[in-house]
Structures are given as structure tokens and as C-alpha cells.
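> Got a predicted structure here, sequence first:
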Amino acid sequence: MKRLASIAFATAIALFLQGCAGWQSALDPKGPAASELAWLIWFFTGLCAVVWVLVMAALAVPLLMRSRQHAEPLALDADADSRKLRVVTVAVGLTAVILVGLTLLSFFANRTLAAIGSDAALTIRVTGHQWWWEVRYEDATPSRVLTTANEIHIPAGEPVRLLLTSTDVIHSFWVPSLSGKLDLIPGRMNVLDIKADKPGVYRGQCAEFCGAQHANMGTFIIAEPRAKFDAWWNDQLQPAAAPTGGEAKAGENLFLKRPCVMCHKIGGTPAGGTVAPDLTHLASRQTLAAGTLTMSRGNLAAWIADPQGVKPGSHMPVVDLSGDELNAIVAYLEGLK
Amino acid sequence: MRPVVALLLFASMALAACQREERDTRPQSALGSGEQPTPVTTLEPGGQRPSPTDNKAASFEANAFHLSEGKRLFGWFNCSGCHANGGGGMGPALMDEKWIYGSSMESIHATIRDGRPNGMPSFRDKIPDDQIWELAAFVRSLSGNAPSSAAPSRNDDMMVHPSENRMPDAATLGKSP
């Protein structure tokens, strides 16, 4: 029976720790900044645990030990007093050394974090909006500047500089597998350097409460080999694919005639709104509405038909469309690879 | 006995603080745009017709959520391009007491939806109907025609004029109370 219980306990612990792995975990670092932070977390936790156990033991010993009865409780005992004073002095000294040591450790960790992006070749401007991320790739050639949303492609193994700002309220950019958090503040530019050691998809999340849909403000860092990243950038710079088929053509026409065009941009068409995500290559992204829904025809239709049911409070309004109109617009958007 | 009464009184007052405005993000279902003709006059042979007032106007007018959404859309849709934050430029000023087509919600809604001669474009089909009502409510707040408890109190960026909830009340403007 006892053995069974211990097996169950071990299984439960293993399952619990399993939650610390995956595409969004500070304890499963995938980049130099996150590794530094994870090491710091474990060292702090370990050292503080040791100190806690020692303090508890020091408290328990006099509680459990039977004390000698003094004949004269109030009599002065200079020897015992100086012994106790020595113990207290040593304990205070050790505490000071540990605290100063931990401070220095976090100071040097900060230096490591600051050095990551000193030779970053790629600069990406990330602007927080309620409740999505605008992503702009800077380039010296204006025609190569690229604006997209919610998914940040980066070359793996290279440092990347992120310039963080916001247009409405304070947000916070946090991709636990790659780095610590940093706020996006309106009217201010914060700099965060990240680096992914290996190709992969790492999930990020807004980490500063920013309103009704704070929880549905996710982002994805997609690290790829350099050649694949360059190809992606070149693809994204192309204007939107021309609609093929009657339904998709009708969809493009409707998109330009209906409220969609007031906020969204589709490169190569007259739609040029900049207050909502750029849809030029919408279907090439993995999710919709900042990680709220996976990209599929059904989810696209659900999102357009009733954005306030999927993400209540989001700034995408309910638009009055007939079933045929909805299908046509979805057919068009689905082709924007 | 008295402490119990005091406690009850205190509890009821504390509960009153829980009252919160509903944020109606879907004022109407997706079915039916609710569009209806707005008469440009109330004169009619054979006596006046019933007031055209849409009860929708009332539900948008004093609602802080709709007013602030209207303020956001006013910026997003570049109303300032002509109306310059309400001060007027190429288009007429919106924060004075002059109304070319009347100051009612219905009239402002019709102006935005159908346009007006000499420059005001028609936003029919380009802005969903509920969002037009939100814009109309915000336009009225620019000239002090919204309750100061509901009108927007701050900008996300530079303040170009005192916030809408500090506008002098249109009803008593220029008169001693």
C-alpha cells in the first residue's frame, strides 16, 4: 500500500514538472538570456531553501531539547553570554554575505543580458495595441521595411534587437523560453535583445494587465535558419496574392466595399488602414486574433461573423454580412498566403 | 439594535458601489443593420407625425463605454482630417453651439451615414451602424451635450483641448444658472 502511494506521488510530481517544459516556460530555456535567468532562479531557490532549512533547524533544536534547570535563573553568566553573542554575530555576518552575494549574482546576470544584442544585425519594432502586436522589420532600404502582426520570425542563432512601444496602454512583452519581460510604454521606446539558440516556435504573452482581452494577447517567436528567414522576409514583401476563382474575387470586392477596409491593410489593394493588423499575408500566419484561434477556414469565418463572441471587447466590431458575403470574404482571406 | 441598523445601512451603501455600467459590445445582433430613413423635417400635412426618435439614440448617448469607443473611432477614421479635433478646419467645427443640420443624435447619425453636401462623405457600408451611433454620441459630447459623468476624461496622447467631460454643459452655456 505504502509503495503504491509513493509510486502515485512520484508520478504526480513528474506530471507536475512536465508543465515546466514546452514552448512557453522560463524553466525550459531556449536562448542565452533565458538560460542565464533559469540558472539564477534555480540558484536563488536552492540557496534560500538551504537557509530556510537551517533556520528551521536552529529554531527546532532548543524547542525539542530539554533545557537544564538553573538554580538561579537571573544570575549573570558571562561565559554563556559571550558564546551566544558569537553565534549571533556569525549568523548576521553570514546573512550579510549571502545577501551581498545574491545581489552581485543578479548584477552580473544583468550584464550578460545587456551584452546579448550588442552586435544585433536585425532590428524589429514591436508596438503593443489592445489586444495584438504590430511587428515592423526595419531596414536601411525603405522598400524592404516590412509590417506584419502577432508572429515574429527571427533567424535562429543570431541576436535580434526589439524596440518596444505602445499606442494605448502599457503592455509587457514576455517570451519566457527566450528572455525576461519588458514593458511596452506609450511614448517611450524600450530595448530588448533576444536570441534563440535553435529553430523552433516559442510562445509569448502580454505580461502587464492591459484590459478586457489581456489574456488573449499572445505572440509567437518563430526562429528559423537564416536562409529560410530571408526567404520568408522576401515572400512577405510581395503584394497580396490576386484572388483566384469567382468567390474569392467577389470576396476581395466586398472587403474593399465593407467596413473591413476602414482599419485593415492588404498590400497591392486600395485597403490601407493601419489601426488593425496587416492582412497582406494573413493566411501564412499560424493563428488569428493574437493567438486566440488557430488559422483555419472555419475559425476565420467564426472570427469575422462574431468577433465579440470570440474575443469580447476587442476593437473588431460585428459587421452586418449575409452568409454568402461572409463565405466570399473568407475565401478571399484564405488565399492570402 | 442600533448597531445592526447601522451595519445594514453601511452594507447597502457598500453594495451600491458594485453597480457598474454594462459594456455592450454587441448592441444589436448581426442580423439587420437597423437602418431607417431619417426625416429631414417634422413638418407634414395633416398634423405632425410621431417623433422619429430611435430608442437606440438614448442607449448610446449617456453611456461612457460607447462615448469612449466613439472617441477612439473619431481618431481612427481620421475625422480630424477635416474637423481638426472638433475645432473645425476644412469641415465645420463640432465643439461650438452651431448645428447646420440639427443637434439630435439621429441627425448626426444621418450625416455620418449618408454624407452632406459640400464635402461630408457618406460612410454607409464603411462603418457598422452601431459604430456610427458611437461616433454620433461622441460628436455631441464635444460641445458639452453629454453627461460629464459619462463623457471621456482623457486622451491616449496629447490633449488638444480640455477633455470632453470638462466641456461646459451645453444647456446652461452662457447663462447664469
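Received it, and whenever you're ready, just let me know what you need.

> Can you point out the buried residues in stretch B:57-75?
B:57, B:60-74 (16 or more other CB atoms under 10 Å in any protein chain shown). Bear in mind the C-beta positions are built from the backbone N, C-alpha and C, glycine included.

> So which of those residues sit within helices?
B:57, B:60-61, B:64-74 (DSSP state H).

> Take those and lay them out in a markdown table including pLDDT and distance to chain A.
Converted to a markdown table, these look like this (pLDDT from 0 to 100; distance: CB to the nearest CB, whole Å):
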| residue | pLDDT | distance to chain A |
| --- | --- | --- |
| B:A57 | 81 | 18 |
| B:F60 | 88 | 14 |
| B:E61 | 87 | 19 |
| B:A64 | 92 | 14 |
| B:F65 | 92 | 9 |
| B:H66 | 92 | 12 |
| B:L67 | 93 | 15 |
| B:S68 | 92 | 12 |
| B:E69 | 93 | 8 |
| B:G70 | 94 | 12 |
| B:K71 | 93 | 12 |
| B:R72 | 93 | 7 |
| B:L73 | 94 | 9 |
| B:F74 | 94 | 12 |
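
> Need the max-distance pair from these.
Maximum pairwise distance among those (CB to CB): 19.8 Å, between B:A57 and B:R72.

> So the nearest residue to A:T274 once chain neighbours are set aside versus A:L237, what's the distance?
Residue nearest to A:T274 in three dimensions, not counting chain neighbours: A:K265, with 6.2 Å by CB to CB, 6 or more residues apart in numbering or on different chains. Counting by CB to CB, to the nearest Å, the gap from A:K265 to A:L237 is 14 Å.

> got it, and A:F107?
42 Å.

> neighbour count winner among the two?
Set A:F107 next to A:L237 and count neighbours by other CB atoms under 10 Å in any protein chain shown: A:L237 wins out with 16 against 9.

> I figured the more buried one hits A:T147, correct?
No. Counting by CB atoms under 8 Å, A:T147 is not a contact partner of A:L237; they are 10.2 Å apart.

> Provide a complete list of residue ranges assigned to strands in the stretch 1-150 of chain A.
A:122-129, A:132-137, A:146-149 (DSSP state E, counting those that start in this stretch).

> after the shortest one comes which helix or strand?
Toward the C-terminal end, the helix or strand that comes next after strand A:146-149 (DSSP states H and E) is strand A:151-155.

> Which neighbouring elements make contact with that following strand?
When contacts are defined as 3 or more CB pairs under 8 Å, 6 or more residues apart in numbering or on different chains; DSSP states H and E, strand A:151-155 sits against strand A:122-129, strand A:132-137, strand A:218-224, helix A:226-237.

> So what's the predicted local confidence for A:D119?
pLDDT, A:D119: 85.

> and the residue nearest to it when sequence neighbours are not counted, how many neighbours?
Counting by CB to CB, 6+ apart, A:D119 lies nearest to A:P159, which is 6.5 Å off, once chain neighbours are set aside. A:P159 has 21 neighbouring residues, counting by other CB under 10 Å.

> Contacts only, for A:P159.
A:116-121, A:193-195 (CB atoms under 8 Å, 6 or more residues apart in numbering or on different chains).

> Please determine how far it is located from A:K228.
18 Å.

> And for B:R166?
55 Å.

> These two: which has the busier surroundings?
A:K228 (15 against 11).

> Distance check, that one against chain B.
36 Å (CB to the nearest CB, to the nearest Å).

> Longest helix in the chain, by number of residues?
All of this is about chain A. helix A:78-115.

> meant chain B actually
Max-length helix for chain B by DSSP H is helix B:2-16.

> before we move on, which element is A:F173 in?
strand A:171-174.

> What strands flank that strand, and is each parallel or antiparallel?
strand A:182-184 (antiparallel), strand A:200-206 (antiparallel) (DSSP bridges).

> export those to JSON lines and tack on mean neighbour count and mean pLDDT?
Below are the strands paired with strand A:171-174 laid out as JSON lines (neighbours: other CB atoms under 10 Å in any protein chain shown; pLDDT from 0 to 100):
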{"stretch": "strand A:182-184", "mean neighbour count": "22", "mean pLDDT": "96"}
{"stretch": "strand A:200-206", "mean neighbour count": "21", "mean pLDDT": "95"}
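
> With respect to A:N253, which of those strands lies nearest?
Across the strands paired with strand A:171-174, closest to A:N253 is strand A:200-206 (CB to CB), at 35.1 Å.

> Now do the closest one: distance to the chain's middle.
Offset of strand A:200-206 from its chain centre (CA atoms, centre = their mean, to the nearest Å): 5 Å.

> which residues sit against it?
Residues contacting strand A:200-206 (CB under 8 Å, 6+ apart): A:23-24, A:30, A:128, A:131, A:156, A:171-178, A:196, A:214, A:217-223, A:286, A:291.

> Please find the angle between the direction vectors of that strand and strand A:218-224.
Per axes from the mean of the first three to the mean of the last three CA atoms, to 10 degrees, the angle that strand A:200-206 makes with strand A:218-224 is 160 degrees.
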